[in-house]
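[1] Predicted model and sequence follow; I will ask about them next.
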Amino acid sequence: MNPVTMSGLLAADEEKIRNELKADEAFDKNRKQSAIRLDDVFSKMLLRYNAACTDDPVRQALADCEVSAVRDMLSLLTAGTAQKEISKRRFRTGGVIALLVAVICGLIAALLVRDYYLPACIAMAVAVVCGFLSGRLWYGEREVRVQAGLDADTVWRTLKKTTDTLDRKTEAFLERSAAWQKEAAEKASAGTAGGAAALDEASLKLVGSLLEALYADNGDFALRQLKQLRPWLNRHGIELKDYGPETAELFELLPSKKTSATLRPALVAGEKLLLVGRATEPAEN
């Protein structure tokens, strides 16, 4: 099954969308209605896209972010203005000539009308025709009305390019996100492996001896193995402090009827106390 894409959802309604845009331009001549119609198209596309990607919330969230930005930009379709434009005609010398001929013919008709009626009528007719031509050819102004509209084919090509970009950027982001997650997992795995590798051979032998003593269930053997802890700690810069008057502040004291004794040594690294020791102190009567 092919994955659902924005361009695929748009192409499914291509004929319907293009016919509606052409109808808005040819009959309604309302760009705002076209912008509202396209906003509804993207809204329905987003619903169908999210319904097909219910198992991928990241893809759904990304699609919502991208489509929301596109829907907000659709109002730019109504940003244009329509104004009346006044254009001037070019001055033509033919208009002046026609006017002069009309005047001359009119004067000739006036002079001949008493004695030569028919030629006078012909001259008058020529004067009228020349006067009409002069008016047509004379300099003047013309008002032109400008009607702003939308080209349905251009709008469709823009929509197609937009949805292709949405799909391309979505896939690119998801690939980058998967790469980031893989890199983070590799770093975490490397950190875990590095922690295990940080134990040198002597440390591993000590751990193995202690575990052997645990599994052997032999007290004497376990005590012999535990004696290896002190030199191992010393190699790592950790010093064991027994209880005494000079180290009393490093211990927590427990009352006892017997003499003072160290129950657990304090662990010190340089000037830093790592672990508080535990000792007993005779209780006062």
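    Cool, got the structure.

[2] following the worst-scoring helix or strand of the chain on mean pLDDT, which helix or strand comes up?
    When the helices and strands of the chain are scored by mean pLDDT, DSSP states H and E, strand 141-144 comes last with a mean of 58. Downstream of strand 141-144, the first helix or strand assigned by DSSP states H and E is helix 152-197.

[3] now that next one: mean pLDDT?
    The average of the pLDDT scores along helix 152-197 is 80.

[4] From the contact counts, what lies against it?
    helix 6-12, helix 14-23, helix 31-52, helix 57-73 (3 or more CB pairs under 8 Å, 6 or more residues apart in numbering; DSSP states H and E). All C-beta spots, glycine's among them, are computed from the backbone N, C-alpha and C.

[5] on contacts alone, who are the packing partners of the third one?
    Secondary structure elements in contact with helix 31-52, counted by 3+ CB pairs under 8 Å, 6+ apart, are helix 6-12, helix 14-23, helix 57-73, helix 152-197.

[6] could you dump that helix to PDB, C-alpha only?
    The C-alpha trace of helix 31-52 is given here as PDB (Å, rounded to 0.1, in the frame of the first residue of the first chain):
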ATOM      1  CA  ARG A  31     -11.300  36.300  -5.000                       C
ATOM      2  CA  LYS A  32     -12.200  36.100  -1.300                       C
ATOM      3  CA  GLN A  33     -14.500  33.200  -2.000                       C
ATOM      4  CA  SER A  34     -11.700  31.400  -3.800                       C
ATOM      5  CA  ALA A  35      -9.400  31.900  -0.800                       C
ATOM      6  CA  ILE A  36     -12.100  30.500   1.500                       C
ATOM      7  CA  ARG A  37     -12.600  27.500  -0.800                       C
ATOM      8  CA  LEU A  38      -8.800  26.700  -0.800                       C
ATOM      9  CA  ASP A  39      -8.600  27.000   3.000                       C
ATOM     10  CA  ASP A  40     -11.400  24.400   3.200                       C
ATOM     11  CA  VAL A  41      -9.500  22.200   0.700                       C
ATOM     12  CA  PHE A  42      -6.400  22.200   2.900                       C
ATOM     13  CA  SER A  43      -8.400  21.600   6.100                       C
ATOM     14  CA  LYS A  44     -10.000  18.500   4.600                       C
ATOM     15  CA  MET A  45      -6.700  17.300   3.300                       C
ATOM     16  CA  LEU A  46      -5.100  17.600   6.700                       C
ATOM     17  CA  LEU A  47      -8.000  15.600   8.300                       C
ATOM     18  CA  ARG A  48      -7.600  12.800   5.800                       C
ATOM     19  CA  TYR A  49      -3.800  12.800   6.100                       C
ATOM     20  CA  ASN A  50      -3.900  12.600   9.900                       C
ATOM     21  CA  ALA A  51      -6.500   9.800   9.700                       C
ATOM     22  CA  ALA A  52      -4.100   7.800   7.500                       C
END
